[in-house]
Structure formats: C-alpha cells, structure tokens
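[1] Generate coordinates for the sequence data below:
(one chain, ligands or ions: 1)
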Amino acid sequence: MEYDLVFFCTAFAVGLLTLISVLKRVNGWFYSFKFSSEKCRLPPGDMGWPIVGNMLFFVKCLSAYDLKSFVSYFVTRFGQGGMYRTFMFGKPSVIVTTPELCRKVLMDDDNFDLGFPKYILELLRKEPIGGTSYQEDRLARKLTTPIKSHGLVSYFFDFLSETVKTTFEKWATTGESLQLLFEMKKPTFKVLMKVLIGGDQVADELLDLLFKENNLRFAGLRSLPLDFPGFTYNRAMKGRGEIVKIYERIINERKPKVAKNRAEPKTNILDIMLDSQYDEQGKGLNDENIMKVLLWYTFSGYESIAKVATQTIMLLEKHPECFQKAKEEQEEIVKRRSSPDAGLTFSEIGQMKYVGNVINETLRLGSTETVLFRETRTTVNINGYTIPKGWKVLALLGNLYMDPKTYANPKEFNPSRWDDFSTKPNSFMPFGVGLRLCPGSNLVRLEVSVFLHYFLLNYRLEQLNKDSKPEACIARFKKISA
Ligand code: HEM
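    Just a heads-up that it's a prediction; the model follows:
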C-alpha cells in the first residue's frame, strides 16, 4: 500500500514536470516549426509559455525596477549577441539590448513601424486609429519643430519662470504637505498648455478639465487593459474621449482668430498647425491630424517633466555635496547680473553646466526601465538573423544605463561623471533617436533648469516619507531666504 502511494506520487511528479517542460517549450517549437521551411534564421531565445509568453517575467522585472534581470536571463542562456526572440504583448517578439542594435532598429523607419501595444495606442490617439499617411506624419513633425528647437522660447520663457516662482512661493507659504509629483504636474501642465495650445487664450475651467481628464487617461497606462465599466482603463478611454471634445471646441474657437491674424507671429503649436491649413497647395495638416498631435503631446508631456523635476530635487536633497555645488552655480549666475532684481533669463540657462549634469544623471537613473516599441513592416535581416514581418521589436534602452563598462558604479548618483564624459556611442538615448526623437527633450531640460534655479536659491525640501519613490513622495517646501 505504502509502495503504491510512493509510486503514485513519483509518477504524478514526473508527469507534472513533463507537462510543465512541454508547455514551456511548445511556443518555441511552434515558431521554430512555422519558420523552419523558410530560409530564415530566427534569433536565439525563449518564447515562454503559451499565450502569455515571457510577459509575466517581464512585468515582474519592470515593476521591481529590475529590467537587468530580464536581460540577464537571455544573455546567460543565449550568449552576448544582444538580440533574442521571445513572446510578449500577445505577439512573437525580439528584444534588442546593445547600443548598436537599439540604434539600428530605432533609426530604420523604413523597416520598423511604431509598435506600441494596441491598448496604449488607443490611449494616445483619436479614433479611428491610423488613417494618417507617412507624408502627413512628416508634416506634423515639421510643424511641431519649433518646440524642439527653442523656436517658441521667447513667447513662454517669462511665463514659465513666473509659474515656477509663484508655485514654489505658494507651497512654502501654505506649508502644507504635498504629494510632490502630483502637485508638480500642475505647473508643468500649465506651461505645456501655453506652448501647445496658447493656454492663456483658453478658459481656466477648460484647462482644469483637460488636466483632470488627462490624469484619468494617464492612469490607463498603468492599468490592466480591460475596457469595461468600473475598470481604470475604461475610465481612461472615456477621459480620452472628453479630451477630444475639449480640443474640438478649442480648435473651432481658434480657427477664426488664426484666419484673422495670419500675418502675426504664431506663438503656440496649435496656431502653427491651423495656419498650415492655408497652404496654397493644400498641404496643411487637417483637423484629424491636428487632434492626433494634441493627444500625443498632452499625453507625453503630462507627467514626464514633473517627474524629472521631482526626481532631481529629491536626488539633490539626498546628496548634500551635489546640492551645494548646484546652489553655488546658481548664486554665481545671480552675482553676474547687472541688477539684483533682474529675473532669470533664457541665456542664463546656458551657464548652468553643473545643473545640466544633474539633469543628465537624473535622466540616466530615471530611465533604467525605458523600453521602446517597434514592429517590423516587412521581414528584416539584421546581424545575420531574421525578424519576420509583423513581429514586435523591443529596444531595451534602460538596460544600457546600468552597464558598468560605460558608467562606473552605475547605481551611484554622480553628476560629475558628465563633466567631460563621452559615452560609448549610443549609450545615452533617454529621448530616443532618429525620426521619433522626443520633440520635448529641450523643453524638459529648459523647464527643469528653471525649477532648479528657483529651488536651489530659495528653498529646501522636507521629505516626510523618507526613501519613497518620486511617485509616492510626500513633502513640504521650506523657504530659506528672505
Ligand atoms: C523626461 C521627459 C521625457 C522623456 C524621457 C521622453 C522620452 C521620449 C522617447 C524615448 C521618445 C521616443 C519614442 C520612440 O522612439 O518610440 C519620445 C517621443 C515623444 N515624446 Fe517624449 N519624452 C519626455 C518628455 C516629453 C515632453 C515634455 C513632450 C511634449 C512636449 C514629449 C513628447 C513626445 C512626443 C510627441 C513623442 C513622439 C514623437 C514621434 O513619434 O515623432 N515628450 N519621448
């Protein structure tokens, strides 16, 4: 009887292990078989479990801020090639992990389309998804260039400076404890709206509503993509719908103003895009594409600047010697002014070398989970391997920033490493590269520099929940000078 039980348990365990082992491989066998007859050599890798692939492992690593473990799993088993097949987001995929391969993929827009998972794309764009041609995409990028090249700075720099100043003053005067990241989003959103749609021409209630709905929409990014009543993602999609309605209203109100003032300089992106509709050859951006640009920018700019500003302030508070160095730089700038009452100017931003280093270092440490999504438009051969048409390609950029061969003591916050730091080519791409290079990159650096200028000169942060992540930081602002 006892022997029967032992036999049964052993047989059960062996059966279970065999089943697990078969299940674990079945996805891989399926794709190896599917492409065995074609002349293609898939990258080495592991397609994970049926249906979910390696998704659970990936999400676990991402949420533990440990993308490196995900990469190590593939490197250890399949070598240093930097290109591995896997199955993620419901699709056969390839991850690329070296600077050279990431760049190769991101620069090649002919072969690689944007490959966001569908649920993220839906949060970004107005329905129907797609319908925008390559030429229209290029035109949208061209018309939004002024945001990239500081072209609009003269129209919003004083507004930015004043917004930051009054926000900090208010925080210090009330002395309330703040959910720092959330509160930081309010001034950064105000500035974004000024640049994007000329926010000063829009009723405050509409801007408040846009902020509120975009906040709900943004929450969809971190939720399960379940589009049913009661779920965060469903509310996020509704938020996107509300934002579309608000923007439609703003566009309709703005059109006659732009028509009337065609000769005047355009001081925001919406006016520039609407003005293009008067192009004599009919090459302007239509309303649908204008909406797409507004939705993208509102989403991308919503939290990003606030997060970097919050992170830099927290990191400086944690590293007093860096705080002091950055503060002295700002004091030197003030000393050089002809009058002590003169305010911050755009040209002074160029004098903030150390603050520039602080921002780079914060971007490096804050981007360690960055993954950029692409999808092959056609079958692509790269480094001797084939990536079939329609496969996702994930460029794991975040992995590059923790490489000790490029960044000595990579976990350490050390702004001085940027003093005369020449990274290995392509080892620092927090804003991406190529056609899709982030158009907000200069705005981020500019805005965070302004935040740091006023903060370092006049305030200290009292963090109430020590060692929390920026997302959870509760803090008070304290004024230190008269
Ligand atoms: C710390 C702040 C930011 C970071 C790290 C960041 C990063 C990035 C990256 C890596 C990309 C490339 C995506 C890809 O190639 O798939 C991108 C694209 C983009 N970013 Fe940013 N971004 C930031 C802030 C902003 C801001 C403030 C705005 C708006 C003003 C913005 C607007 C956009 C847009 C519209 C795109 C899409 C560009 C295109 O596809 O042509 N970003 N961003």
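
[2] ok, Asp287 to Glu136 distance?
    From Asp287 over to Glu136 the distance is 12 Å, taken as CB to CB, to the nearest Å. For glycine as for every other residue, the C-beta is placed from the backbone atoms N, C-alpha and C.

[3] Identify each buried residue in the lowest-mean-pLDDT helix or strand in the chain, please.
    Counting by mean pLDDT, DSSP states H and E, the chain has its least confident helix or strand at helix 2-34, which shows a mean of 79. Buried residues in helix 2-34, counting neighbours by 16 or more other CB atoms under 10 Å, are found at 25, 27-28, 31.

[4] Centre of the chain to it, how far?
    Remark: helix 2-34 is offset 42 Å from the chain centroid, using CA atoms, centre = their mean, to the nearest Å.

[5] just how off-centre is the helix or strand just after it within its chain?
    Moving toward the C-terminus from helix 2-34, the next helix or strand (DSSP states H and E) is helix 55-63. Mean-position distance between helix 55-63 and its chain equals 18 Å (CA atoms, centre = their mean).

[6] Going by contacts, tell me the helices and strands next to helix 55-63.
    Using 3 or more CB pairs under 8 Å, 6 or more residues apart in numbering; DSSP states H and E as the contact criterion, the elements in contact with helix 55-63 are helix 67-78, strand 83-88.

[7] could I get it in PDB with only the CA atoms?
    This file holds the C-alpha atoms of helix 55-63, laid out as PDB (Å, rounded to 0.1, in the frame of the first residue of the first chain):
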ATOM      1  CA  MET A  55       5.200  38.600 -20.200                       C
ATOM      2  CA  LEU A  56       4.800  37.700 -16.600                       C
ATOM      3  CA  PHE A  57       8.500  37.600 -16.000                       C
ATOM      4  CA  PHE A  58       8.900  40.900 -17.900                       C
ATOM      5  CA  VAL A  59       6.200  42.700 -15.900                       C
ATOM      6  CA  LYS A  60       7.700  41.300 -12.700                       C
ATOM      7  CA  CYS A  61      11.200  42.700 -13.600                       C
ATOM      8  CA  LEU A  62       9.800  46.000 -14.700                       C
ATOM      9  CA  SER A  63       7.700  46.600 -11.600                       C
END
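
[8] That one vs strand 83-88, what angle?
    110 degrees (axes from the mean of the first three to the mean of the last three CA atoms, to 10 degrees).

[9] what comes up buried for helix 55-63?
    Applying 16+ other CB under 10 Å to helix 55-63 flags 55, 57-58, 61 as buried.

[10] Also stretch 68-88?
    68, 70-71, 73-75, 81-88.

[11] got it, and stretch 293-313?
    293-299, 301-313.

[12] Now narrow those residues to whatever sits close to the ligand.
    296-297, 301, 304-305, 308 (CB under 6 Å from any ligand atom).

[13] Next one: the host helix or strand of Glu162, is it in contact with the ligand?
    Using DSSP H and E, Glu162 falls within helix 153-174. No. Using CB under 6 Å from any ligand atom, we find that helix 153-174 stays clear of the ligand, coming within 11.8 Å at best.

[14] mean confidence for the helix or strand just after that helix?
    Note on helix 153-174: by DSSP H and E, the next helix or strand toward the C-terminus is strand 178-179. Averaging pLDDT along strand 178-179 gives 96.

[15] Counting by contacts, list what strand 178-179 packs against.
    strand 474-479.

[16] Parallel or antiparallel, which strands does the strand it packs on pair with?
    strand 178-179 (antiparallel), strand 459-463 (antiparallel) (DSSP bridges).

[17] and these as TSV, adding mean neighbour count and distance to Leu216?
    Formatted as TSV, the strands paired with strand 474-479 follow (neighbours: other CB atoms under 10 Å; distance: least, CB to CB, whole Å):
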stretch	mean neighbour count	distance to Leu216
strand 178-179	16	16
strand 459-463	17	27
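
[18] Could you save the ones you listed as a markdown table and add columns showing distance to the ligand?
    Supplementary listing: the strands paired with strand 474-479 in a markdown table, determined by distance: least, CB to the nearest ligand atom, whole Å:
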| stretch | distance to the ligand |
| --- | --- |
| strand 178-179 | 19 |
| strand 459-463 | 20 |
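
[19] What strand or helix carries Arg254?
    helix 232-260.

[20] Also Gln80?
    Going by DSSP H and E, Gln80 is not part of any helix or strand.

[21] Can you give me the pLDDT of the residue found closest to Ala309 once you drop the neighbours it is linked to in the chain?
    Leaving aside its sequence neighbours, Ala309 sits nearest to Phe451 (CB to CB, 6 or more residues apart in numbering; 4.5 Å). Per-residue pLDDT puts Phe451 at 98.

[22] Output the helix or strand containing Phe451 as PDB, nothing but the C-alphas.
    Taking DSSP H and E as the criterion, Phe451 maps to helix 441-458. Extracted in PDB, the C-alpha atoms of helix 441-458 (Å, rounded to 0.1, in the frame of the first residue of the first chain):
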ATOM      1  CA  SER A 441      13.700  67.000 -24.900                       C
ATOM      2  CA  ASN A 442      14.700  70.600 -25.000                       C
ATOM      3  CA  LEU A 443      11.600  71.700 -23.200                       C
ATOM      4  CA  VAL A 444      12.400  69.100 -20.400                       C
ATOM      5  CA  ARG A 445      15.900  70.400 -19.900                       C
ATOM      6  CA  LEU A 446      14.800  74.000 -20.000                       C
ATOM      7  CA  GLU A 447      11.900  73.600 -17.600                       C
ATOM      8  CA  VAL A 448      13.800  71.500 -15.100                       C
ATOM      9  CA  SER A 449      16.700  74.000 -15.100                       C
ATOM     10  CA  VAL A 450      14.200  76.800 -14.200                       C
ATOM     11  CA  PHE A 451      12.700  74.700 -11.400                       C
ATOM     12  CA  LEU A 452      16.200  74.000 -10.100                       C
ATOM     13  CA  HIS A 453      17.300  77.600 -10.300                       C
ATOM     14  CA  TYR A 454      14.500  78.900  -8.000                       C
ATOM     15  CA  PHE A 455      14.500  75.800  -5.800                       C
ATOM     16  CA  LEU A 456      18.300  75.900  -5.100                       C
ATOM     17  CA  LEU A 457      18.400  79.600  -4.400                       C
ATOM     18  CA  ASN A 458      15.400  79.800  -2.100                       C
END
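
[23] Show me what it is packed up against.
    So helix 441-458, by 3+ CB pairs under 8 Å, 6+ apart, packs with helix 145-148, helix 153-174, helix 180-197, helix 287-318, helix 320-335, helix 346-349, helix 353-366.

[24] Let me know the angle separating it from strand 474-479.
    60 degrees.

[25] let's number from 695 now, not from 1
    With the count now opening at 695, the last piece we talked about shows up as helix 1135-1152.

[26] Can you list the buried residues in helix 1135-1152?
    1136-1150, 1152.

[27] Same list, those, but only the ones touching the ligand.
    Among the buried residues of helix 1135-1152, the ligand is touched by 1137-1138 when using CB under 6 Å from any ligand atom.

[28] The closest residue to Gln971 other than its chain neighbours - how many residues pack around it?
    Nearest residue to Gln971 in three dimensions, chain neighbours excluded: Gly978, at 3.8 Å (CB to CB, 6+ apart). Counted with other CB atoms under 10 Å, residues neighbouring Gly978 total 17.

[29] can you pull the contacts of Gly978?
    967, 969-972 (CB atoms under 8 Å, 6 or more residues apart in numbering).

[30] now Arg1130
    By CB under 8 Å, 6+ apart, the neighbours of Arg1130 are 800, 803, 808.
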